[in-house]
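Trainee: here are the coordinates; sequence isn't available:
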């Protein structure tokens, strides 16, 4: 089984200096090829890789199309059985690949796999982007085993299992090449954030299985490209979540769920105002404008066989903010 590990880079020389060595060290060249897919960087990161890691192959994209287009453009040029999409701020561990390979070999229906993702800055805690495997609630809010909104669990080996999940984190995502091609890759209108949730939901709609493999561990910094305090991140998260709901919700639930979600977004906007963050409120308003502008386009992207039972809990907002539940096993 041939694996291609692809690290998407944009002006990330410092991250490559810090994290590329662990990937090279712990990835067997007999069955792994390592690529840096560069999104038209203006720093010297490409030159750094060429000078210091001769075994690493370079793919130079013509422009910075974000995460979605960046990977779509790069993967066209790569032949492998499994694509491993790894953020440039990921540190991998010894034998991280073996449990992943076994998961694919043991079940041909397994299309996408995510390892355990812990916080690089505090390695005994799960990390926001993926943690112990992703789910969504009825209204499209994502959460994970080990992370509900900003509440992070300590890793006590409670998620060392192998389990089917709803979405795998784009921070470290393994996908069969033929599945990626069947799905048509990522939706490039997303640019960045939540495109992996859309990809996984589309995969689920086609009958594919997504797995979390807790025997494989990686560490993620998180926010290396867009910090949590960056309003653009708020805009992309709110907008792209609405895009995903529009494309993938069951027909009967489509407009009722979107209506409620828009109201919940409005409440979030009021909360930002009360926190004296008016620009974040404006980002939500702007995201809704983009949602309406792209509504017809996203409706045309809908498939015929959308999942009826897609959510884990009706409202994670209610469970977390009203009932005070902070751990996945409390839901």
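Mentor: Perfect, thanks for sending it. For clarity, every value in this text was computed on a predicted model and none was experimentally measured. Numbering: from 1, shown residues only.

Trainee: which intervals of the chain have sub-threshold pLDDT?
Mentor: Within the chain, the set of residues satisfying pLDDT under 70 comprises 223-229.

Trainee: how is it partitioned into domains?
Mentor: Following automatic domain parsing, one finds the domains of the chain at 3-220, 231-330.

Trainee: is residue 81 in contact with residue 31, as I believe?
Mentor: No: with contact defined as CB atoms under 8 Å, residue 81 and residue 31 do not form a contacting pair (9.2 Å). Bear in mind the C-beta positions are built from the backbone N, C-alpha and C, glycine included.

Trainee: what sits in contact with each of those two?
Mentor: 1, 2, 3 (CB atoms under 8 Å, 6 or more residues apart in numbering).

Trainee: and these, which of them are in helices?
Mentor: Among the shared contacts of residue 81 and residue 31, no residue falls in helices (DSSP state H).

Trainee: can you flag the buried ones in the residues you listed?
Mentor: residue 3 (16 or more other CB atoms under 10 Å).

Trainee: nearest to residue 144, of the shared contacts of residue 81 and residue 31?
Mentor: Residue 144 lies nearest to residue 3 out of the shared contacts of residue 81 and residue 31, by CB to CB, at 24.3 Å.

Trainee: wait, that closest one touches residue 79, no?
Mentor: No: using CB under 8 Å, residue 3 is not in contact with residue 79; the gap is 11.4 Å.

Trainee: ok so, going back, and the shared contacts of residue 81 and residue 31 as JSON lines, adding distance to residue 50?
Mentor: Formatted as JSON lines, those follow (distance: CB to CB, whole Å):
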{"residue": "1", "distance to residue 50": "28"}
{"residue": "2", "distance to residue 50": "23"}
{"residue": "3", "distance to residue 50": "22"}
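
Trainee: residue 33 - that's part of a helix, no?
Mentor: No: looking at residue 33 with DSSP: H, G, I helix; E, B strand; the rest coil, it is strand, so not inside a helix.

Trainee: and it, how far from residue 263?
Mentor: Residue 33 sits 48 Å away from residue 263, going by CB to CB, to the nearest Å.

Trainee: kindly report the same for residue 39.
Mentor: Distance, residue 39 to residue 263, using CB to CB: 36 Å.

Trainee: quick one, which of those two is more surrounded?
Mentor: Set side by side, residue 39 and residue 263 show more neighbours around residue 39, with 23 against 11, by other CB atoms under 10 Å.

Trainee: so what's residue 142 bridging to?
Mentor: With DSSP bridges applied, residue 142 shows beta-bridge pairing to residue 136.

Trainee: contacts only, for it.
Mentor: Applying CB under 8 Å, 6+ apart to residue 142 gives the contacts 134, 135, 136, 167, 194, 197, 241.

Trainee: and the nearest residue to residue 286 once chain neighbours are set aside, how close does it get to residue 281?
Mentor: Nearest residue to residue 286, sequence neighbours excluded (CB to CB, 6 or more residues apart in numbering): residue 235, at 5.7 Å. According to CB to CB, residue 235 stands 11 Å off from residue 281.

Trainee: quick one, what contacts residue 291?
Mentor: Residue 291 makes contacts with 239, 242, 243, 246, as judged by CB under 8 Å, 6+ apart.

Trainee: burial count for the first one?
Mentor: Look at residue 239: counted by other CB under 10 Å, it has 25 neighbours.

Trainee: before we move on, what SS does the closest residue to it other than its chain neighbours have?
Mentor: Among residues not flanking residue 239 along the chain, residue 287 sits closest, at 3.7 Å (CB to CB, 6+ apart). Of the three states, residue 287 takes helix according to three-state DSSP.

Trainee: show the contacting residues for residue 287.
Mentor: Counting by CB under 8 Å, 6+ apart, residue 287 has contacts 234, 235, 236, 238, 239, 242, 265.

Trainee: could you dump those into TSV and include secondary structure?
Mentor: Converted to TSV, the contacts of residue 287 look like this (three-state DSSP):
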residue	secondary structure
234	helix
235	helix
236	helix
238	helix
239	helix
242	helix
265	helix
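
Trainee: now do the strands in the stretch 51-200 of the chain.
Mentor: Residue ranges of the strands in the stretch 51-200 of the chain, as given by DSSP state E, counting those that start in this stretch, are 57-61, 82-86, 90-92, 110-119, 122-126, 134-136, 142-144, 147-148, 151-152, 162-164, 172-176.

Trainee: so which of those comes closest to residue 102?
Mentor: strand 162-164 (9.0 Å).

Trainee: what strands line up against that closest one, and which way round?
Mentor: strand 209-220 (antiparallel).

Trainee: which of the contacts of residue 291 sits closest to residue 140?
Mentor: Distance to residue 140 across the contacts of residue 291 (CB to CB) is lowest for residue 242, with 7.6 Å.

Trainee: wait, that closest one touches residue 261, no?
Mentor: Yes: counting by CB under 8 Å, residue 242 touches residue 261, with 6.8 Å between them.

Trainee: higher neighbour count, these two?
Mentor: It is residue 242, of residue 242 and residue 261, that has more neighbours when counted by other CB under 10 Å, with 24 against 20.
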